[in-house]
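Q: structure for this input, please:
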Amino acid sequence: ELGNELEPARTSLEDAVDIMRGCVHKLQSTGGFDIDEIERAINPLVASVMRNKSAMAALLRMRAVDDYTFSHAIANAVWGAILARQLGFPPKDIDQIALACSLIDIGKSGLSPELLAQPQAPSDEQWVLLKSHVDKGLSLLADNGVVNRKVVMALETHHERFDGTGYPKGLAANEIPLYGRIAGIVDSYDAMISERPYAVARSSYAAVQEMQKQAGVLYQKELVEQFIQAIGVFPVGAIVELNTGEVGVVVAQDANKRLKPKIVLILEADKKPRNQLVIVDLASQDDGGAATLSWWITREMPKNAYGIDPAKYFL
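A: Have a look, this model is predicted:
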């Protein structure tokens, strides 16, 4: 159950943050990293995903990003594990995909912090430098003894795009290895929902809409569909506003009715706290007969909207 998994997931996530922070600092200062340490951070996250995919995903969306470099690596590992689980990969392969996704941007450690943090769009010259993180990452893997071919391919091809417009080689469709196609999707999704110096974080719903728009263009359509099935259109932990003006938190999903999750209502239409919390299952409403649909979601709210902490409502 989601409530039972939240605390183990929270512990695994905080441990992973501590370990990855140390790995990134070591990488930035010495140019080296310990792959065993990274696996020690990632494997408990994958184990949590295997028990309940929603708990870790919800915590990722809710937690404050204190350093995009290693937070993005952790998030990529989790999204990769969730997609691999959805695709039916065996546990050993899910571990490998999560590890691969955590390493795809490791080459950015060799770029200027000022370049990565600048608020304006990069110039043509800076864009060439940013693209070089792929080659820098491949060199770091080789220098640190990471020879797993699938991990290497994921890093090498995570910026290739299904229509051939990606880099560094302009591969298209099935020329891009599966690990690269998976890594490209999770990397793009997490970038869209994360606060960055040059971009405001999108809601998960807005990110999903963008992914659907680019399905069959930038990303393999079938993989996008599976990813959206896995994470949900309105994911667990999302703060949403209903047509009535009431505000609530998504606490469960219906895989067959992705626009109709289960919601705990927290605020009245005037945005004042309810005297009594009410759980509404949008999927149970009779929208095919004579009954009028009472509730539907009009928008997903920003993280921490109205000071709401979604984690309080999962237990």
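Q: which residue sits closest to the most centrally placed residue in the chain, ignoring its sequence neighbours?
A: The residue lying closest to the centre of the chain (C-alpha atoms, centre = their mean) is Asp190, at 4.1 Å. Closest residue to Asp190 apart from its sequence neighbours, by C-beta to C-beta, 6 or more residues apart in numbering: Ala75 at 4.5 Å. Yep, even glycine has a C-beta here, placed from its N, CA and C like the rest.
Q: if we can go back for a sec, which SSE is the residue nearest to the centre of the chain in?
A: Assigned by DSSP states H and E, Asp190 falls within helix 178-193.
Q: tell me the backbone dihedrals of Pro235, please.
A: Backbone torsions for Pro235, taken as degrees, to the nearest 10, come to phi -70, psi 160.
Q: what does Ser29 give?
A: According to degrees, to the nearest 10, Ser29 has phi -90, psi -30.
Q: what's around it, how many residues?
A: Ser29 has 9 neighbours, counted by other C-beta atoms under 10 Å.
Q: repeat that for Gln28.
A: For Gln28, the tally of surrounding residues (other C-beta under 10 Å) stands at 13.
Q: swap in Gly145?
A: Gly145: 9 neighbours (other C-beta under 10 Å).
Q: one step back: quick one: residues contacting the residue nearest to the centre of the chain.
A: Contact partners of Asp190, counting by C-beta atoms under 8 Å, 6 or more residues apart in numbering, are 72, 75-76, 79.
Q: is Ile263 in contact with Gln285, as I believe?
A: No: with contact defined as C-beta atoms under 8 Å, Ile263 and Gln285 do not form a contacting pair (11.6 Å).
Q: out of these two, which sits in the more crowded spot?
A: Remark: of Ile263 and Gln285, Ile263 carries more neighbours, 26 against 16, as counted by other C-beta under 10 Å.
Q: pull the CA atoms of the helix or strand hosting Ile42 into CSV?
A: Using DSSP H and E, the element containing Ile42 is helix 35-51. Once non-C-alpha atoms are left out, helix 35-51 reads as follows in CSV (Å, rounded to 0.1, in the frame of the first residue of the first chain):
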residue,chain,number,x,y,z
ILE,A,35,30.2,2.9,-9.6
ASP,A,36,29.5,0.7,-6.6
GLU,A,37,28.6,3.8,-4.6
ILE,A,38,26.1,4.9,-7.2
GLU,A,39,24.6,1.5,-7.3
ARG,A,40,24.3,1.6,-3.5
ALA,A,41,22.3,4.8,-3.9
ILE,A,42,20.1,3.6,-6.8
ASN,A,43,19.3,0.0,-5.9
PRO,A,44,17.1,0.8,-2.8
LEU,A,45,15.1,3.3,-5.0
VAL,A,46,14.4,0.6,-7.5
ALA,A,47,13.4,-1.8,-4.7
SER,A,48,10.9,0.8,-3.6
VAL,A,49,9.5,1.2,-7.1
MET,A,50,9.1,-2.5,-7.4
ARG,A,51,7.0,-2.5,-4.2
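Q: of the contacts of Asp190, closest to Ala57?
A: Trp79 (7.8 Å; C-beta to C-beta).
Q: just give the nearest non-adjacent residue to the closest one, would you?
A: Nearest one to Trp79, counting by C-beta to C-beta, 6+ apart, is Val186 at 3.7 Å.
Q: and the helix or strand containing Tyr205, what's buried?
A: Using DSSP H and E, Tyr205 sits in helix 204-214. Under the neighbour-count criterion of 16 or more other C-beta atoms under 10 Å, helix 204-214 has 204-205, 207-208, 211, 214 buried.
Q: and what of stretch 219-235?
A: By 16+ other C-beta under 10 Å, the buried positions in stretch 219-235 come out as 219-220, 223-224, 226-228, 230-235.
Q: returning to what we had before: next, show the common contact partners of Ile263 and Gln285.
A: Contact criterion C-beta under 8 Å, 6+ apart; residues shared by Ile263 and Gln285: Trp295.
Q: just put the buried residues of helix 204-214 in TSV and tack on distance to Leu141 and pLDDT.
A: Formatted as TSV, the buried residues of helix 204-214 follow (distance: C-beta to C-beta, whole Å; pLDDT from 0 to 100):
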residue	distance to Leu141	pLDDT
Ser204	31	90
Tyr205	35	91
Ala207	28	94
Val208	31	94
Met211	28	96
Gln214	28	97
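Q: with distance to Gln120 added, can I get those in CSV?
A: Listed next are the buried residues of helix 204-214 as CSV, based on distance: C-beta to C-beta, whole Å:
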residue, distance to Gln120
Ser204, 26
Tyr205, 27
Ala207, 22
Val208, 28
Met211, 26
Gln214, 24
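Q: thought Ile38 was touching Ser102?
A: Yes: taking C-beta under 8 Å as the definition, Ile38 is a contact partner of Ser102 at 6.3 Å.
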